[in-house]
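**Student:** Build me a model from this:
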Amino acid sequence: MSRIGKQEIIIPDNIVVIINEKKILVEGDKGKLSHSLCELIEIEKNGSTIKLKIKSKTQQAHTIHGLSRSLINNMITGVSKGFKKKLLIEGVGYRCQMEGRNLILNIGYSHPVKIETPKNISIKVENNTTITVSGIDKETVGQTAASIRSVRPPEPYKGKGIRYENEIIKRKVGKAGK
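**Tutor:** Residues are numbered from 1 along each chain as shown. Predicted coordinates:
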């Protein structure tokens, strides 16, 4: 049985959780999120805790058990605290700016790269080299940050490119001079 799936989910006081058969709706200070559960998982709510149980002892049920628990926990964390990813731009002449809800990246290409912001996600640019992606849905925040990073991932020789705040880039030695 999944170790993650066995753990109870504690619901904070300011969060409302509504369970309708296989659909779970979580409402909080920052917004609303919903998720449909698999038919292999059973959910029960006892006061301020949620517990997930497996209906059948199959491999697929065990894998979905832990996944479902993590998704519901992320929903509760998202509507109460929110999620945030910070990206740093390194390189001479590399910069970014916001134009309405679009992010404009000038990162060494012959043209500026325009990235549209998904709904329920906010992107903030600080001092032209720091991008903060925040929202209530952990998956969307992570995917948006990954798509921004994929425009110019950091290269191993000089470290130029877009990287996450705590990302460590393995540096390579350049070619030896004569």
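
**Student:** just so I have it, where are all the helices in this protein?
**Tutor:** For the chain, the helices defined by DSSP state H cover 3-6, 59-80, 138-149.

**Student:** Which of the ones you listed sits closest to Lys124?
**Tutor:** Closest approach to Lys124 among the helices of the chain is made by helix 138-149 (12.4 Å; CB to CB). (Glycine included, C-beta is placed from N, CA and C.)

**Student:** So for Ile104, which of the helices of the chain sits nearest?
**Tutor:** Among the helices of the chain, helix 138-149 sits nearest to Ile104 (CB to CB), with 11.5 Å.

**Student:** Figure out how far the closest one is from the centre of its chain.
**Tutor:** Centre-to-centre, helix 138-149 and its host chain are 6 Å apart (CA atoms, centre = their mean, to the nearest Å).

**Student:** Which residues does stretch 106-121 contact?
**Tutor:** By CB atoms under 8 Å, 6 or more residues apart in numbering, the residues outside stretch 106-121 that reach it are 31, 89, 91, 93-96, 99, 101-105, 123, 133-137, 140-141, 144, 147-148, 151-152, 160-162.

**Student:** circling back: please convert the helices of the chain to a markdown table, extending it with mean neighbour count, mean pLDDT and distance to Tyr109.
**Tutor:** As requested, these are exported to a markdown table (neighbours: other CB atoms under 10 Å; pLDDT from 0 to 100; distance: least, CB to CB, whole Å):
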| stretch | mean neighbour count | mean pLDDT | distance to Tyr109 |
| --- | --- | --- | --- |
| helix 3-6 | 14 | 84 | 42 |
| helix 59-80 | 18 | 91 | 34 |
| helix 138-149 | 18 | 95 | 14 |
